[in-house]
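Trainee: Structure here, sequence nowhere to be found:
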């Protein structure tokens, strides 16, 4: 006989390290007992690296920088140079867990959003962690349509520019259509004249945050 049955059994320890920005609303009082909603924000490819200030250029960190009373606890990790959110997903979820364990957060109102590379990351994190996020907002990103089944119970509002020459509009359309075809709660807003920057108008729109806060998990994880 040239073959034998073997088994590998080995415990592996993985070291995780990720820098992140943490926004705590100015009126936050750790002694009040108030539970705050949480937004996890994933930036685009251009903000990767070791300069955390880059993360403030777009999206939720920019909004929080302008408004100290932005009414969410906002977590904005920075993806290292040469990496992507798929490679960093374990670290991202550990950051989320750590913040939620140390601050007055509401597990029923945790939201994920991101733009471009972070839009792809948003689709992926929401699909791989069903029941963790009360809603997801992927902007000019895409995903794997066959994973739509894992997203069926997560409300999704996607955004994309019709003239995007970096990530084609079809990337968002395919995901939203896949979700809608199985009865998922998904919608897509298309900006007819927008190129790749479909995030500025989105994050500046108060309706986005009103929509997020209308969603919460019925069963807390």
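Mentor: Everything's here; your move. For clarity, every value in this text was computed on a predicted model and none was experimentally measured. Residues are numbered from 1 along each chain as shown.
Trainee: In the longest strand belonging to the chain, which residues are buried?
Mentor: With secondary structure taken from DSSP state E, the chain has its longest strand at strand 105-115. Of all the residues in strand 105-115, those buried under the rule 16 or more other Cβ atoms under 10 Å are 105-106, 109-115. Just so you know, the C-beta spots here come from the backbone N, C-alpha and C atoms, and that holds for glycine as well.
Trainee: Looks to me like residue 55 is in a helix.
Mentor: Yes: Residue 55 forms part of a helix when assessed by DSSP: H, G, I helix; E, B strand; the rest coil.
Trainee: Who does residue 21 form a beta bridge with?
Mentor: Bridge pairing for residue 21 (DSSP bridges) gives the partners residue 76.
Trainee: about what we covered before: who are the packing partners of the longest strand of the chain?
Mentor: Under the contact criterion of 3 or more Cβ pairs under 8 Å, 6 or more residues apart in numbering; DSSP states H and E, strand 105-115 touches strand 36-42, helix 59-66, helix 89-102, helix 117-128, strand 135-139.
Trainee: how much does it deviate in direction from strand 36-42?
Mentor: Put simply, strand 105-115 runs at 30 degrees to strand 36-42, going by axes from the mean of the first three to the mean of the last three Cα atoms, to 10 degrees.
Trainee: I'd like to check the angle between strand 105-115 and strand 135-139, please.
Mentor: 20 degrees.
Trainee: Each with direction, which strands does strand 105-115 pair with?
Mentor: Sheet pairing for strand 105-115, assigned by DSSP bridges, gives strand 36-42 (parallel), strand 135-139 (parallel).
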